[in-house]
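A predicted structure for the sequence below; I have some questions about it.
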Amino acid sequence: MRKRISLIFIAFFGTFTGFSQEPLNVNLIADSLTAGSDAVVRYYSTTYERKSLEVYNKQVHYVVTVLNAQGKHAARLSIRYDRNSEVTEIKGTVYNADGNVHGQIKKKDIKDYASNASYTLFSDNRVKSISPLQSGYPYTVEYRYTVKHKGMVGFDTWMPLKGFDLSTERAELVVKTPAALALRYMALNHDFDFEADTSEPGHTLKWSAANLKAIESEPGLPHYLDYMPVVLLSPNDISYEGTSGSFRTWNDYGKWVYSLIEERDLLPDETVIKMKGLTDTIPGQLEKVKAVYQYMQGKTRYVNVALGIGGFQPLHAYEVDEKGYGDCKALSNYTRALLKSVGIESYYAEIGNGRSRELKYPDFASINQTNHIILCVPVDGDTVWLECTSQTAPFGYIGTGNSNRYALLISEKGGVLARTPVYRSAENVRTSRSNIDIEENGDALYEVTTDFVNAEFGDVSGILQLSQKEQRDALLKYLSLEGFTMEKFSMLETTSELPEARFSLRGKVSRFATKSGKRLFFRPEYIFSQTSFNTISKERDLNLYKPIGYHHVDTVFIAMPENFHIERLPEDVSLESDFGSYSLSIIHNDTGIQMTRNLEIHSGNYCSSQFTSINSFTEAISRSDDRRIVICQ
């Protein structure tokens with residue numbers, strides 16, 4: 001990042017009080033920015049002006065040229081606000097391809113609605129949105145708006161590239177703050193121009209970038225903070241609805257979070273008595289935790305609450321006990337209270353869940369790295385992690401969206417970072433055992449039992465909660481076999497120390513084998529879809545990221561029709577690469593064939609120098625899986 005210190009700072013909007021027709025002519029956009037782009041952001045500026053500890057304004061000026069129908073989403077404006085913020089001064093103008101004014105955005109064009117998901121009970125989140133109705137391309141839209149805030153916890157992540165397949169001509173971020181209210185910042189994945197005026201009475205910081213080319217959306221991309229140009233901002237001091245704290249470190253931030261949960265773990269006396277009765281006869285501490293967790297699951301349901309401070313502070317434990325619902329904060333705090341009532345300590349743990357959020361920077365505390373709460377329970381010399389928002393998750397299973405990352409454990413002493421469990425490739429197992437009885441006309445009777453463990457369990461766990469008819473419909477879509485008629489099936493979660501499900505199916509497959517004279521031709525089928533691999537483009541620039549690996553072991557027993565013998569069998573195969581390993585082994589006798597397919601794919605972050613090797617490996621797997629067996633009379 002190039003840094004320049006200037007004592008005289010040019011006013012941010014000084015050179016962009018308005019556009020003339022010429023600068024917005026589409027023909028003036030560089031070919032390097034239109035190549036591979038559905039829209040080009042001509043100018044994108046964001047200014048934060050902090051007035052006091054808790055009051056700040058956000059001003060945005062955004063101009064985008066939409067090149068085709070796939071880029072029209074870039075012209076939609078969505079401004080989120082709540083009871084602690086106010087949207088003012090929304091202005092919009094639409095221009096034609098020559099840069100001439102085509103029309104103005106009117107007040108009636110601005111929609112204002114509650115931003116509440118179906119699982120939200122209380123929320124003050126709202127959205128003002130504009131979607132220009134344009135039939136021809138290209139066209140340009142210009143927006144200006146201001147949001148006034150009266151609570152400070154953190155700033156949005158600033159991204160000069162607004163998404164995939166969008167390029168940017170020019171973008172600027174400016175932060176103005178009183179000298180006493182300094183902030184921390186981190187610029188990533190781009191050599192931004194940086195200017196800083198640190199003279200009294202306030203500081204002004206400015207980041208700018210130009211001619212950012214579009215990034216293509218591709219499968220297996222890393223976390224966006226690993227490749228998108230971004231600037232992270234975080235205040236040193238925070239204030240929100242009568243609370244205040246420091247955000248200089250994760251430990252400091254943890255003290256503020258603790259102040260929000262302090263004394264919210266009180267339970268009714270009858271519930272405390274019930275918990276002691278539930279656990280007094282259980283000898284081991286781990287089994288006590290399991291009993292309490294399952295009690296919580298059976299009593300509660302997940303409902304989001306995001307009203308003011310409720311977006312950060314959980315409901316009281318006694319409220320959850322009485323009403324039987326809560327969000328991730330409330331249910332984790334309630335479980336913490338239940339465990340405390342039987343003498344077991346646990347930690348409210350803030351975490352970034354899923355691909356869009358992750359606590360990635362231990363040395364840079366910021367609110368936009370987290371979005372979820374789970375529970376950490378040190379027990380019997382080990383640690384149990386609990387996902388309290390699910391009424392069906394197996395004990396100790398927190399899902400892949402919470403795995404292998406930092407969580408912030410909250411206590412009176414502040415926040416402490418700890419790593420969550422890793423679901424390793426060799427432990428994420430799908431094991432299937434199939435019996436295929438081929439008939440002389442090519443049809444086949446089929447029986448299969450498949451077990452799904454750890455992350456593989458997570459892929460199918462949702463099916464377990466469906467009705468029997470819904471399960472049947474889901475299975476028929478999930479199966480790889482064409483012409484399969486299901487006669488009987490069962491799906492259950494097995495009793496195990498690991499999260500595990502077992503699916504058993506029985507049915508008939510029409511035309512499993514192709515008949516030609518006295519011969520039958522067929523490929524082995526493993527019922528559940530085999531992993532398909534897309535060839536990695538040689539033009540791909542970004543790494544291939546595989547966050548979760550897996551291990552599939554499929555054994556197929558094929559019984560031949562009477563008086564048939566083997567004419568052709570594939571040879572055994574064994575492949576090794578950095579990406580994983582694969583083997584196919586075949587044994588046979590006069591009545592049948594046993595095939596065992598063993599595939600392990602490793603988690604990892606793979607760079608372009610490995611793509612040729614990975615393609616060779618996956619193409620060899622596809623060739624092996626595609627080979628046919630021939631039997632004849």
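Cool, got the structure.

tell me, how many residues neighbour the nearest residue to L24 once chain neighbours are set aside?
Nearest residue to L24 in three dimensions, chain neighbours excluded: G99, at 3.5 Å (Cβ to Cβ, 6 or more residues apart in numbering). Quick note: C-beta positions are derived from backbone N, CA and C, even for glycine. G99 has 20 neighbours, counted by other Cβ atoms under 10 Å.

now do the one 3 residues further on
Close neighbours of H102, defined as other Cβ under 10 Å, add up to 17.

and the one 4 residues further on, by the same measure?
Counted with other Cβ under 10 Å, residues neighbouring K106 total 9.

please apply the same query to H372.
As a burial measure, H372 scores 20 neighbours (other Cβ under 10 Å).

the residue nearest to it when sequence neighbours are not counted sits in which helix or strand?
Sequence neighbours aside, N353 is the residue nearest to H372 in space, at 3.8 Å (criterion: Cβ to Cβ, 6+ apart). For N353, there is no host helix or strand (DSSP states H and E).

tell me, what's the model's pLDDT at N353?
pLDDT for N353: 94.

with S504 instead?
92.

ok, now which ones touch it?
Shown in contact with S504 (Cβ atoms under 8 Å, 6 or more residues apart in numbering): E447, V448, T449, T450, F489, S490, M491.

quick check: bridge partners of it?
Bridge pairing for S504 (DSSP bridges) gives the partners T449, S490.

can you tell me how far it sits from I527?
S504 sits at a distance of 11 Å from I527 (criterion: Cβ to Cβ, to the nearest Å).

quick one: common contacting residues for the two?
Taking Cβ under 8 Å, 6+ apart as the criterion, S504 and I527 both touch V448, T450.

who are the contact partners of V231?
Contacts of V231 (Cβ under 8 Å, 6+ apart): T157, W158, L173, Y185, M186, A187, L188, F192, W207.

need the max-distance pair from the residues you listed.
The distance between the two most remote of the contacts of V231 (Cβ to Cβ) is 14.0 Å, for T157 and F192.

neighbour count for the two, which is higher?
F192 (22 against 16).

the more buried one contacts A210, correct?
No. Assessed by Cβ atoms under 8 Å, F192 is found out of contact with A210, at 10.0 Å.

and the next element down the chain from the helix or strand hosting I273?
Taking DSSP H and E as the criterion, I273 maps to helix 269-279. Downstream of helix 269-279, the next assigned helix or strand under DSSP H and E is helix 285-299.

next, the buried residues of that next one.
Q285, L286, K288, V289, K290, A291, V292, Y293, Y295, M296, Q297 (16 or more other Cβ atoms under 10 Å).

going by distance to H73, which of those wins?
Q297 (38.9 Å).

so how far is F557 from that closest one?
On the measure of Cβ to Cβ, Q297 and F557 end up 39 Å apart.

which residues of the stretch 251-400 of the chain fall in helices?
Secondary structure of the stretch 251-400 of the chain (DSSP state H, counting those that start in this stretch): helices at 269-279, 285-299, 317-323, 328-341.

equivalent analysis for the chain, please.
31-34, 250-261, 269-279, 285-299, 317-323, 328-341, 455-464, 468-478, 611-625 (DSSP state H).

report the buried residues of the first one.
By neighbour count on 16+ other Cβ under 10 Å, the buried set for helix 31-34 is L33, T34.

over to stretch 203-214?
So, applying 16+ other Cβ under 10 Å, buried residues of stretch 203-214: H203, T204, L205, K206, W207, S208, A209, L212, A214.

which one of these is nearest L133?
Of all the buried residues of stretch 203-214, L133 sits closest to A214, with 24.9 Å by Cβ to Cβ.

what sits against that closest one?
Applying Cβ under 8 Å, 6+ apart to A214 gives the contacts L33, A35, G36, S37, D38, L161, F164, D165, L166, S167.

ok, of the residues you listed, which come out buried?
Using 16+ other Cβ under 10 Å, the buried ones in these are L33, S37, D38, L161, F164, D165, L166, S167.

among those residues, which two are most distant?
Farthest pair in the buried ones among the contacts of A214, by Cβ to Cβ: L33 and F164, 14.5 Å.

so what's V87 up against?
I79, Y81, K128, Y145, T146, V147.

need the residues you listed in JSON lines (columns: distance to E562).
Below are the contacts of V87 laid out as JSON lines (distance: Cβ to Cβ, whole Å):
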{"residue": "I79", "distance to E562": "73"}
{"residue": "Y81", "distance to E562": "75"}
{"residue": "K128", "distance to E562": "74"}
{"residue": "Y145", "distance to E562": "78"}
{"residue": "T146", "distance to E562": "82"}
{"residue": "V147", "distance to E562": "78"}
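
tell me which of the residues you listed fall in strands.
Applying DSSP state E to these, the entries found in strands are I79, Y81, K128, Y145, T146, V147.

can you pull out the strands in the stretch 351-500 of the chain?
372-379, 382-386, 406-411, 414-419, 429-438, 444-453, 484-493, 500-509 (DSSP state E, counting those that start in this stretch).

give me the contacts around the shortest one.
Same thing as strand 382-386. With Cβ under 8 Å, 6+ apart as the criterion, strand 382-386 contacts 286, 289, 293, 332, 335, 346, 349, 374-377, 395-396, 398, 402, 407, 418, 420-421.

and that strand, which residues are buried?
V384, W385, L386.

the residue nearest to L24 contacts P138, doesn't it?
No. Assessed by Cβ under 8 Å, G99 is found out of contact with P138, at 10.6 Å.

pLDDT value on the nearest residue to T204 once chain neighbours are set aside, please?
Of all residues not flanking T204 in the chain, D197 sits nearest, at 4.4 Å (Cβ to Cβ, 6+ apart). The confidence metric pLDDT takes the value 92 at D197.

can you name the residues bridging to K206?
Under DSSP bridges, the beta-bridge partners of K206 are V174, E195.

closest one of the contacts of A214 to L481?
Among the contacts of A214, and counting by Cβ to Cβ, the member closest to L481 is F164, at 35.1 Å.

burial measure for the residue lying closest to the closest one once chain neighbours are set aside, as a count.
Once flanking residues are discounted, F164 sits nearest to S217: 3.8 Å by Cβ to Cβ, 6+ apart. Neighbourhood size, S217 [other Cβ under 10 Å]: 9.

next: A69.
A total of 10 residues lie near A69 under the criterion other Cβ under 10 Å.

what's the closest non-adjacent residue to it?
Computed as Cβ to Cβ, 6+ apart, the closest residue to A69 that is not its neighbour in sequence is Y137, at 6.9 Å.

spit out the contact partners of that neighbour.
Contacts for Y137 were tallied using Cβ under 8 Å, 6+ apart; they are V66, L67, N68, A69.

flag the shaky bits of this protein, pLDDT-wise.
For the chain, the stretches with pLDDT under 70 are 1-22, 116-123, 305-310, 480, 529-531.

return the distance of L386 relative to L359.
As judged by Cβ to Cβ, L386 and L359 stand 18 Å apart.

oh, I was asking about G136
G136 sits 45 Å away from L359, going by Cβ to Cβ.

the more surrounded of the two?
Applying other Cβ under 10 Å to G136 and L359 shows that L359 carries more neighbours, namely 21 against 8.

so the more buried one makes contact with L408?
Yes. Using Cβ under 8 Å, L359 makes contact with L408 at a distance of 6.6 Å.

anything in contact with each of those two?
Common contacts of L359 and L408 (Cβ under 8 Å, 6+ apart): E350, I351, T370, L417.

let me know the closest of the residues you listed to E497.
Of all the shared contacts of L359 and L408, E497 sits closest to I351, with 23.4 Å by Cβ to Cβ.
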